[in-house]
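> Generate a structure from the sequence data that follows.
(one chain, ligands or ions: 1)
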Amino acid sequence: MSDELTLAIIKPDAFGAGHAGDIISHLEEEGFELRAARVAELSREQAEAFYAVHREKPFFSSLVQFMTSGPCLPMALERENAVSHLRDVIGATDPEEADPGTVRAEYAQSVERNAIHAADSPDNAERELAFFFPRTELV
Ligand code: GDP
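From the prediction side, this is the model:
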């Protein structure tokens, strides 16, 4: 099977705590290759648009506030089965439920401040990659 691209974001909690390098190393050890990355400070409008699917959830405004609280690091990552493998590697949304050795088990502070985002389907990966990276930046 050919390689696939997916979108991850090192969230403001982990980026602000200086864990970006360790998390990227962890992902590289899992066979992901970095294809694009940039430090971003999301506006409220961008965070609301990115998480629009959660607009009706009780935690939506808190999530938007968190995601705009500081810089984050969106990344395009390539690997075979990148979307599903990255979801395995990051672990469950709630770090209390994340398997040992997953990124969230190691770096998440709470169900909201959970260190990393990863696209949850190939369609969403495509949409989310386009959200942050023009096609020409994906090498
Ligand atoms: P993910 O795909 O594992 O990131 O989880 P979801 O798509 O369900 O949720 C998106 C993000 O919203 C999560 O990564 C958390 O940052 C946040 N979130 C999810 N569930 C909750 C919750 O119950 N409470 C709060 N405060 N935040 C949540």
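> Pull the contacting residues for the nearest residue to Tyr51 once chain neighbours are set aside.
Distances taken as CB to CB, 6 or more residues apart in numbering place Leu63 nearest to Tyr51, at 5.9 Å, with adjacent residues excluded. In this view, the C-beta of every residue, glycine as well, is placed from N, C-alpha and C. With contacts defined as CB atoms under 8 Å, 6 or more residues apart in numbering, Leu63 is in contact with 47, 51, 54, 57, 112.
> one more time with 7 Å
Contact partners of Leu63, counting by CB atoms under 7 Å, 6 or more residues apart in numbering, are 51, 54, 112.
> which parts of this protein sit against the ligand?
Residues of the chain lying close to the ligand (CB under 6 Å from any ligand atom) are 54, 59, 62-63, 93, 111-112, 114, 117, 120.
> who wins for neighbours among those residues?
Neighbour counts for the residues of the chain next to the ligand (other CB atoms under 10 Å) peak at Asn114, which has 23 neighbours.
> ok, now which ones touch that residue?
93, 95, 104, 108.
> Let's see that with 8 Å instead.
11, 13, 93-95, 104, 108.
> What pLDDT is listed against Leu86?
At Leu86, the model reports a pLDDT of 98.
> sorry, that was for Met1
For Met1, the model assigns a pLDDT of 54.
> do Pro12 as well
For Pro12, pLDDT reads 98.
> wait, what's in contact with the residue lying closest to it once chain neighbours are set aside?
Closest residue to Pro12 apart from its sequence neighbours, by CB to CB, 6+ apart: Gly70 at 4.0 Å. Taking CB under 8 Å, 6+ apart as the contact definition, Gly70 lies against 12, 15-16, 41.
> Among these, which one sits closest to Asp22?
Phe15 (11.4 Å; CB to CB).
> Could you report the separation of that closest one from Val89?
Shown here: Phe15 relative to Val89, a distance of 18 Å by CB to CB, to the nearest Å.
> more crowded one of these two?
Taking other CB under 10 Å, Phe15 and Val89 do not tie; Val89 has more neighbours (23 against 20).
> can you give me the helices for the chain?
12-16, 20-29, 44-50, 60-67, 82-90, 103-107, 122-132 (DSSP state H).
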